[in-house]
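Undergrad: What would the 3D arrangement of this be:
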Amino acid sequence: MSTLTLWQRPLKPASDTDRWVRDFFGPATANDWRSPASSGLHPAAEIIKDGDDAVVRLELPGIDVDKDVTIELGGGRLVIHGERRDEHADTEGDTHRTLREVRYGAFRRSFAVPANVTGEAVSASYDAGVLTVRVAGVYAGSQPQRITITK
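TA: Predicted coordinates:
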C-alpha cells in the first residue's frame, strides 16, 4: 500500500529562498504543512442586485442547512452562521485519513442591510449546495440625489 503525498516540505533548507520563507512564516514541522489551515471554514459568497432586491448566495456544499445553518436579521446586519460537521472523524485523531483538503468547523458571514429591512423581506432557499437569501426592497428608492453646492 502506498501513501499519497501532495507536497512534502524539505527537512533542511536547500537555498536562501527556503531560509527566507522559514524566517517569514516561522518554524513549522512537516506535519503542519500537510494539515489543513487553522483559519476554519469561510464559505464563498456573492451579492447580486436583482431589481430592487439583494440576493446573497453562499456556497455550502455538504452542509445540512436544516440542522446546521441559521440566518438572523438585526441591528442592520444579515448574519448567516453555521457549521460543517466532519461525519468521518474518528476518536483517534483521523489516523485513517490520507488526504484532507475539505475544511470543517463553524462559520459566520455578516452583511450590512438598511435598518428599515424587516424579517418579512427576507427569504431563503437551498439548492445544489448553494444557499440563496433574498432581501426584498433593499435597493428601492436608493437612487442617488444630487446636492447643490451654494456659494
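Undergrad: how far away is Asp68 from Gln143?
TA: 39 Å (C-beta to C-beta, to the nearest Å). Quick note: C-beta positions are derived from backbone N, CA and C, even for glycine.
Undergrad: Of these two, which one has the most company?
TA: For Asp68 versus Gln143, the count of surrounding residues by other C-beta atoms under 10 Å is larger for Asp68: 15 against 6.
Undergrad: what's near enough to touch the more buried one?
TA: Contacts of Asp68 were listed using C-beta atoms under 8 Å, 6 or more residues apart in numbering, and they are 82-85.
Undergrad: If any of those are buried, put those into a PyMOL selection.
TA: PyMOL command restricting those to the buried ones, with burial defined by 16 or more other C-beta atoms under 10 Å:
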select buried, resi 82+83+84
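Undergrad: Now, the contacts of Asp68 that are in strands?
TA: Judged by DSSP state E, strands contain the following of the contacts of Asp68: 82-84.
Undergrad: ok, so of those residues, who is nearest Val113?
TA: Using C-beta to C-beta, Gly82 is the member of these that sits closest to Val113, with 18.9 Å.
Undergrad: Find the residue closest to the closest one in space, skipping its chain neighbours.
TA: Excluding the flanking residues, the one nearest Gly82 by C-beta to C-beta, 6 or more residues apart in numbering is Val69, at 3.7 Å.
Undergrad: The one you found - how many residues pack around it?
TA: By the measure other C-beta under 10 Å, the count of residues near Val69 is 20.
Undergrad: Could you do the one 10 residues further on as well?
TA: Residues contacting Val79 under the criterion other C-beta under 10 Å number 14.
Undergrad: before we move on, what about Gly76?
TA: For Gly76, the neighbour count with other C-beta under 10 Å is 12.
Undergrad: about what we covered before: so which of the ones in strands among the contacts of Asp68 would you say is closest to Phe111?
TA: The shortest approach to Phe111 among the ones in strands among the contacts of Asp68 belongs to Gly82, at 14.8 Å (C-beta to C-beta).
Undergrad: pretty sure that closest one is in contact with Phe107, am I right?
TA: Yes. At 6.2 Å, Gly82 counts as touching Phe107 under the criterion of C-beta atoms under 8 Å.
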